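Engineer: When you get a sec, could you give me coordinates for this:
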Amino acid sequence: MIYITGDTHRDFQRLYNNPFKKDDMLIILGDAGINYYLNEDDRKVKDQLNKLNIKLFCIQGNHEERPENIATYKEKDMFGGKVFVEDDYPNLIFAKNGEMYNLDGQSVLVIGGAYSIDKNYRLMYGYEWFKDEQLSEDEKEFILNKYAGKHVDIILSHTCPRKYEPTEVFMSGVDQTKVDKSMEDFLDKVEENIDYNKWYCGHYHTEKQIAKIEFMFGRIKVFNKDEFYPKYAENGYEIIRDYCHQEDVMAKDVICCPVCKSQNIVIQKGNGFKINGADYIALICHDCQKIYGFSDVKYYPSCPKEL
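Structural biologist: Residues are numbered from 1 along each chain as shown. Below you'll find the model as predicted:
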C-alpha cells in the first residue's frame, strides 16, 4: 500500500506505532528534514527511520539539501524513473525532479523545490539555508519541454501553482511583494500545459482541496484515495475531543498516554499555527483504544477538524 503526507520537518511522530506493513511506502511532499544538518545528527535520524516497517519516498522541499549534492547518495532506477538512495538506508528514497514514476499503476510526475520566505532570517542568524532550494531555469525548461501537451495521472510537488496559493494561511508580517514567486509561476505553466487527474502538494502547512489540487500537512492519506489512515473510529477507537492541553502531554520527558501511561501511542498532527510543524492535535493510545484530543489546538478556518 502507498500512503501520502505533507511536510514532516524532521518530526516523524505520525509514523510511530502505525500499523504499516513491510512493503508499504509513504510519500512525503517535501521538507522531510532528513538531509538537513548534513552531519552525524542526520545519520541518527536515518538510523531511526531505517528501523521502521515502511519505505519513505521523499520529494525535495526548500528546507533540506538535495540528495544529488550529497556524496553518499547514488542514482538508481526505481519505479520506472531515477531516484537517489544511500546504500546504508535503502528504505529512504528521494525522488529526482522532473522524473516520471509508476506508483501503484499511476503515472506520477515529481516537481520539488520552493522559496524559503525566512531565507534572510536564516542567513542572518546562521540557520541552514540551501542555495538549490528552487528549480533552476534549465530544470524548468526541461520539464515543460518534456511533458507539455501530455497527460500524467498525478503530479507531486512541494509548493503549488500561484493561482492556487492558500493566501489565508500566509504568515502575518511577511511582505509578500518581496517573496520570490518564480516556482509558483512556473507551476502555473505546468498546470496550464500538462493534463493531469490529481495534484498533491505540501509547503503551506495546511490541508484543503481546490479543484484537482490537494494541500497536505500533518495527516496521512491512502495515495490517490480520499481516505485518511488509519481509520481509528472504524476500528473501534473512541474519540474524546478536548481531553487535555498539548503541554500536559508534550512537555514531559517521557511522552505517554495521559490515562494508562502506555507508550504504545501515536501523536496525531494536524493544522496549527506554528510553521515549524509542532501542531499536535491528539494522542492516540493503542492500549486504551482511545483518541485523546487536545483542547488548545488553534485551527485555521479552512481546516477540517476530523481525525
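
Engineer: Find me whatever residue is spatially closest to Lys82, sequence neighbours aside.
Structural biologist: What sits nearest to Lys82 in space, not counting adjacent residues and going by Cβ to Cβ, 6 or more residues apart in numbering, is Lys96, at 4.6 Å. Any C-beta I mention is one placed from the backbone N, CA and C, and that applies to glycine too.

Engineer: ugh, wrong one, Val83
Structural biologist: Per Cβ to Cβ, 6+ apart, closest to Val83 is Ile93, 5.2 Å.

Engineer: Could you pull up the residues touching the one you found?
Structural biologist: Counting by Cβ atoms under 8 Å, 6 or more residues apart in numbering, Ile93 touches Met25, Lys55, Leu56, Phe57, Cys58, Met78, Val83, Phe84, Val85.

Engineer: What of Thr8?
Structural biologist: Thr8 neighbours (Cβ under 8 Å, 6+ apart): Arg14, Ile28, Asp31, Ala32, Gly33, Gly277.

Engineer: next SSE after the helix or strand containing Lys82?
Structural biologist: In the assignment (DSSP states H and E), Lys82 maps to strand 81-86. For strand 81-86, the following helix or strand on the C-terminal side (DSSP H and E) is strand 89-95.

Engineer: re the thing from before, tell me the one among the contacts of Ile93 nearest to Cys201.
Structural biologist: Cys58 (14.1 Å; Cβ to Cβ).

Engineer: follow-up on the earlier one: could I have the buried ones of the contacts of Ile93 as ChimeraX selection syntax?
Structural biologist: Selecting only the buried entries of the contacts of Ile93 in ChimeraX, with 16 or more other Cβ atoms under 10 Å as the criterion:
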select :25,55,56,57,58,78,83,84,85
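
Engineer: picking up where we left off before, the residue nearest to Lys82 touches Val110, doesn't it?
Structural biologist: Yes. Contact criterion Cβ atoms under 8 Å: Lys96 and Val110 qualify, at 7.1 Å.

Engineer: more neighbours, the two?
Structural biologist: Legend: neighbour count by other Cβ atoms under 10 Å for Lys96 and Val110, higher for Val110 (27 against 18).

Engineer: how much space is there between that one and Ala95?
Structural biologist: 4 Å (Cβ to Cβ, to the nearest Å).

Engineer: Can you check which residues contact both of these two?
Structural biologist: In contact with both Val110 and Ala95: Ile59, Tyr101, Leu156, using Cβ under 8 Å, 6+ apart.

Engineer: Could you export those residues to TSV, including columns for neighbour count and pLDDT?
Structural biologist: Shown next, in TSV, are the shared contacts of Val110 and Ala95 (neighbours: other Cβ atoms under 10 Å; pLDDT from 0 to 100):
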residue	neighbour count	pLDDT
Ile59	26	98
Tyr101	22	98
Leu156	25	98
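
Engineer: and which of the residues you listed is nearest to Glu247?
Structural biologist: Ile59 (32.2 Å).

Engineer: Asp226: neighbouring residues, count only.
Structural biologist: For Asp226, using other Cβ under 10 Å, the count is 8.

Engineer: Go ahead and report the secondary structure state at Phe130.
Structural biologist: coil (DSSP: H, G, I helix; E, B strand; the rest coil).

Engineer: just for this structure, where's the confidence low?
Structural biologist: Judged by pLDDT under 70, the chain has its weakly predicted residues at 232-235, 270-279, 297-307.

Engineer: okay, now the domains of this structure?
Structural biologist: The chain breaks down into these domains under automatic domain parsing: 2-229, 233-294.

Engineer: The closest residue to Gly112 other than its chain neighbours and His286, how far apart?
Structural biologist: Excluding the flanking residues, the one nearest Gly112 by Cβ to Cβ, 6+ apart is Gln60, at 3.0 Å. Using Cβ to Cβ, Gln60 is found at 33 Å from His286.

Engineer: The two: which has the busier surroundings?
Structural biologist: Gln60 (31 against 17).

Engineer: show me the contacts for the more buried one.
Structural biologist: The neighbours of Gln60, taking Cβ under 8 Å, 6+ apart as the test, are Gly30, Arg66, Pro67, Phe94, Ala95, Asn97, Gly112, Gly113, His158.

Engineer: Regarding it, what is its secondary structure?
Structural biologist: coil.

Engineer: Stretch 26-41: which residues count as buried?
Structural biologist: Buried residues in stretch 26-41 (16+ other Cβ under 10 Å): Leu26, Ile27, Ile28, Leu29, Gly30, Asp31, Ala32, Gly33, Ile34, Asn35, Tyr36.
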